[in-house]
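Q: Here is a sequence together with a model predicted from it:
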Amino acid sequence: MSDDYYDEAGAEAQKRVAMTGDMRAQRQALLDRLALTRGANVLDVGAGNGIMAQEMLDIVGPEGRVDGIDSAEAMVAMARVLCPGGRFRTGSAASLPFEAAAFDAVTTAQVLCFVDDRPAALAEMHRVLRPGGRLVILDSDWDSLVWATNRPDLLARILAVVTGVYASAHVPRHLSAELRAAGFEIVDRAVHPLTAWTLEDDSYAGQLATIAADMMASSDAFSTADHADWTADQAELVAAGRFMFSLNRYIFTARRPG
């Protein structure tokens, strides 16, 4: 993923997604597995807009510390505003600018899909975790997607663009072996589905549909007719009560032995 993938407009779009009920529930699922305590030092790899970092900071308190790293300058700038008590910098997941055993916990959500060298990134997370420290990872496998449409050909073209920015759209199927190879002990694996039966703004599906429509309107890869067909298709399905969206995200909890 290029360092400037999220420009200022992209950062704002991600903030809107982060405020949906689906994403609030996702963050809570991660927090439950992190099991943070007051005074803990935490690293958020791919901290994005900083909303998750602020929620972690509320738990660890002033005695603790939350660091965040992201490859996109626009996201780091937003994180510094939304989580003023956190410490954010630009950088790469495959080369973390922290000392060994610096953190009690590390988390990363929807980030490894962008990373070209996942083994290097996992080795770095292992290095910066203290012995006994906890790692919580969330990522999607896009083959799990069910998105109702009468235009599967058009949906396939949309998804090719949406997932084309990823180094891999199928991280979870490889992650168990990669975690073990990096020296982690797997504690738990769980499915976290994002499901919607209508298109509401306060849902991941609704926000993704908006992003997809905006992308089509501004891309030479789609015609005005494509955009109109897609918008009409989704509206018709919703009106008929036949809309469905479901995408599986997978949460891996691991620890550094010791």
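A: On my side now, so go ahead.
Q: Every contact and neighbour count from this point should use C-alpha atoms.
A: Fine.
Q: Could I get the full set of strands for the stretch 51-200 of the chain?
A: Secondary structure of the stretch 51-200 of the chain by DSSP state E, counting those that start in this stretch: the strands cover 65-70, 87-90, 103-109, 129-140, 146-147, 185-196.
Q: Ok, which of these comes nearest residue 39?
A: Comparing the strands of the stretch 51-200 of the chain against residue 39 with Cα to Cα, the closest turns out to be strand 65-70 (7.2 Å).
Q: what comes into contact with that closest one?
A: When contacts are defined by Cα atoms under 8 Å, 6 or more residues apart in numbering, strand 65-70 is touched by residues 39-48, 50, 53, 56-57, 76, 85-93.
Q: With stretch 109-124 instead?
A: Contacts of stretch 109-124 with the rest of the structure, by Cα under 8 Å, 6+ apart, involve 1, 45-46, 93-96, 137-140, 165-171, 178-179, 182-183.
Q: Restricted to buried residues, select those residues in PyMOL.
A: With 16 or more other Cα atoms under 10 Å as the criterion, this PyMOL line picks the buried residues out of the contacts of stretch 109-124:
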select buried, resi 45+46+93+94+96+137+138+139+140+166+167+168+169+170+171+178+179+182+183
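Q: Output the lowest mean pLDDT helix or strand found in the protein.
A: For the chain, using mean pLDDT, DSSP states H and E, the weakest element among its helices and strands is helix 8-18, scoring a mean of 66.
Q: Which residues are in contact with residue 184?
A: With contacts defined as Cα under 8 Å, 6+ apart, the neighbours of residue 184 are 126, 254, 255, 256, 257.
Q: Give me the pLDDT for the fourth one.
A: Looking at residue 256, its pLDDT reads 98.
Q: give me every residue that touches it.
A: For residue 256, the contacting residues are 126, 129, 130, 131, 132, 133, 134, 135, 183, 184, 185, by Cα under 8 Å, 6+ apart.
Q: Next, count neighbours for residue 157.
A: Residue 157 sits with 12 neighbouring residues when counted by other Cα atoms under 10 Å.
Q: any idea how far residue 93 is from it?
A: Applying Cα to Cα, to the nearest Å, one obtains 30 Å for the distance of residue 157 from residue 93.
Q: before we move on, what about residue 26?
A: Remark: distance between residue 26 and residue 93 (Cα to Cα) = 21 Å.
Q: before we move on, what about residue 171?
A: Between residue 171 and residue 93 the distance is 15 Å, computed by Cα to Cα.
Q: can you pull out the helices in the stretch 51-200 of the chain?
A: 51-60, 73-82, 118-128, 152-163, 172-181 (DSSP state H, counting those that start in this stretch).
Q: Kindly present these as a markdown table, with separate columns for distance to residue 240 and mean pLDDT.
A: Rendered in a markdown table, the data for the helices of the stretch 51-200 of the chain read as follows (distance: least, Cα to Cα, whole Å; pLDDT from 0 to 100):
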| stretch | distance to residue 240 | mean pLDDT |
| --- | --- | --- |
| helix 51-60 | 36 | 97 |
| helix 73-82 | 39 | 93 |
| helix 118-128 | 43 | 98 |
| helix 152-163 | 18 | 93 |
| helix 172-181 | 34 | 98 |
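Q: want to throw those helices into CSV with distance to residue 247?
A: Supplementary listing: the helices of the stretch 51-200 of the chain in CSV, determined by distance: least, Cα to Cα, whole Å:
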stretch, distance to residue 247
helix 51-60, 21
helix 73-82, 24
helix 118-128, 22
helix 152-163, 13
helix 172-181, 13
